[in-house]
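1. Need a 3D model of the following:
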Amino acid sequence: MTRAWVEIDLGALCRNGAAVAARAGVPLLPMVKADGYGLGGLRAALALESLEPWGYGVATTAEGDELRRGGITRPIIVFTPILRTEIDALRRANLTPALGDPAVIESWARTGRPWHLQIDTGMSRAGMAWNAVEANRDLLARAAPEGVFTHFHSAELADDSRDVQERRFDSALAALPSRPSLVHAENGAAVERRAPSRWSLCRPGIFLYGVAGIEGGPLVPEPVVSVRARIVELRTVPAGDTVSYDATWRADGPRRIATVPVGYADGYRRNLSNRGEALLRGGRVPVAGRVTMDMTMFDVTETDAALGDVVTLLGREGGEVITVSALAAAAELSPYEVLTGLKLRLPRRYASEEAPVAAV
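-> Sure, this is the predicted structure:
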């Protein structure tokens, strides 16, 4: 009997992708980097094949190589800048780099393989500066990119930053010797806020995995991931006794304490100590004391909990749900950190339902 696990609903993943594609009106370039945001990059990509995306986005050569070995034949873009020493590895795996450094562009051009030009319009993280494209016209004429893109730094916010970045992107596009056939900029949040897309492709990321970019927005993703664990011990703690390290939780009367075999080594963060909650038998139970490396304790006094009962630390149980966003807020973390932390140790269970194909 498995004591703790992560459940991933691949049907929900695909329905989220279909919703983004329908709103954007253009093909998808799903991001499956960081091992599919902690949920399994190859499994996510194989499921998303039903939506017939243009290709996939990863962060490293190793991630792209895993997709190739797993049977993915569509284009795969490596979005993190590469060094010239990595060119042979990308070429062998038939991966497409996102480039911005002129010297690396010159080197890659010798391979004759496609590449995408990354334009920095304000993220200040990677890519050729939007106002440096004119100075590199000769290079970009000799080594014409297949695609060109930028990255919005605050697509979730209702401010003017996106408009500023799009004006800069338009200026960069106008400075190119010729406009590539593929132009992309939007993540899921950008499509939530404004649609249909004016570009060639849409790059959804965390929305696919069940996290909305805009609370109360036009698109509501289905939950994709759940974390569940069985109660492995129960004890009654008398009034005045404490639970876990540093004695931060003290019983105000006789309390029943359940131990589940999930801790911060499994991605259930220590910040959830004395503030997180889980679902059990149709109700909510609070974390009691510090989350430890391998175990977390819950106050189950108000339930009929028994050994072996399943506790849901993240996800849906019956009519109740703990979303990734809610768990992240309780832990004072980004939802991205919560998801990617789930790849640490827990085994994964995949569920799959037939998903609709987006009409684009």
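2. alpha carbons only for contacts and neighbour counts from here, please
-> OK.
3. got a list of contacts for stretch 288-305?
-> The contact list for stretch 288-305 (Cα atoms under 8 Å, 6 or more residues apart in numbering) reads 242-249, 255-266, 268-274, 277, 280-281, 285-287.
4. Mean confidence (pLDDT) on it, please.
-> Computed over stretch 288-305, the mean pLDDT rounds to 98.
5. And the protein, split by domain according to the record?
-> As assigned by automatic domain parsing, the chain contains the domains 55-200, 225-351.
6. how about JSON lines for those domains, with mean neighbour count and distance to V211 added?
-> Rendered in JSON lines, the data for the domains of the chain read as follows (neighbours: other Cα atoms under 10 Å; distance: least, Cα to Cα, whole Å):
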{"stretch": "domain 55-200", "mean neighbour count": "18", "distance to V211": "10"}
{"stretch": "domain 225-351", "mean neighbour count": "18", "distance to V211": "7"}
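7. Adding distance to A212, write the ones you listed out as TSV.
-> What follows is the domains of the chain, written out as TSV (distance: least, Cα to Cα, whole Å):
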stretch	distance to A212
domain 55-200	7
domain 225-351	8
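8. Could you point out which of these sits nearest P27?
-> Taking Cα to Cα, domain 55-200 is the member of the domains of the chain nearest to P27, at 7.3 Å.
9. And that closest one, end to end?
-> Start-to-end span of domain 55-200 (Cα to Cα, to the nearest Å) is 12 Å.
10. and it, how far out from the chain's middle?
-> Taking Cα atoms, centre = their mean, to the nearest Å, the mean C-alpha location of domain 55-200 is offset from the chain mean by 19 Å.
11. Find the nearest non-adjacent residue to L48, please.
-> Excluding its sequence neighbours, the residue lying closest to L48 (Cα to Cα, 6 or more residues apart in numbering) is C14, at 5.7 Å.
12. State whether that neighbour is indeed within a helix.
-> Yes: C14: assigned to a helix according to DSSP: H, G, I helix; E, B strand; the rest coil.
13. just checking, it touches A45?
-> No: with contacts counted by Cα atoms under 8 Å, C14 stays clear of A45, the gap being 9.8 Å.
14. between these two, who's got more neighbours?
-> Between C14 and A45, counted using other Cα atoms under 10 Å, the more crowded position is C14 (29 against 24).
15. mind listing the strands for the stretch 201-350 of the chain?
-> With DSSP state E, counting those that start in this stretch as the criterion, the stretch 201-350 of the chain has strands at 225-230, 233-237, 242-243, 249-250, 255-260, 277-280, 283-286, 296-299, 310-317, 320-322, 348-351.
16. Tell me what angle the fifth one forms with strand 310-317.
-> Using axes from the mean of the first three to the mean of the last three Cα atoms, to 10 degrees, the inter-axis angle of strand 255-260 relative to strand 310-317 is 80 degrees.
17. thinking again about what came up before, want to try CSV for the strands of the stretch 201-350 of the chain, with distance to A331 as columns?
-> Conversion of the strands of the stretch 201-350 of the chain to CSV gives the following (distance: least, Cα to Cα, whole Å):
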stretch, distance to A331
strand 225-230, 16
strand 233-237, 25
strand 242-243, 19
strand 249-250, 17
strand 255-260, 18
strand 277-280, 11
strand 283-286, 13
strand 296-299, 14
strand 310-317, 13
strand 320-322, 13
strand 348-351, 23
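18. got the end-to-end distance for stretch 192-203?
-> End-to-end distance of stretch 192-203 (Cα to Cα): 12 Å.
19. Can you pull out the residues in contact with it?
-> 20-21, 23-31, 54, 57, 155-156, 181-188, 191, 213-214, 217-219.
20. and D160, which of the strands of the stretch 201-350 of the chain is closest to it?
-> Of all these, it is strand 320-322 that lies closest to D160, at 32.1 Å by Cα to Cα.
21. Quick check: can you name the pairing partners of the closest one and their directions?
-> Strand 320-322 pairs in its sheet with strand 310-317 (antiparallel), by DSSP bridges.
22. Just want the angle from the strand it pairs with to strand 225-230.
-> 160 degrees.
23. sorry, back to before: mind listing which of the contacts of stretch 192-203 are in strands?
-> 57, 182-184 (DSSP state E).
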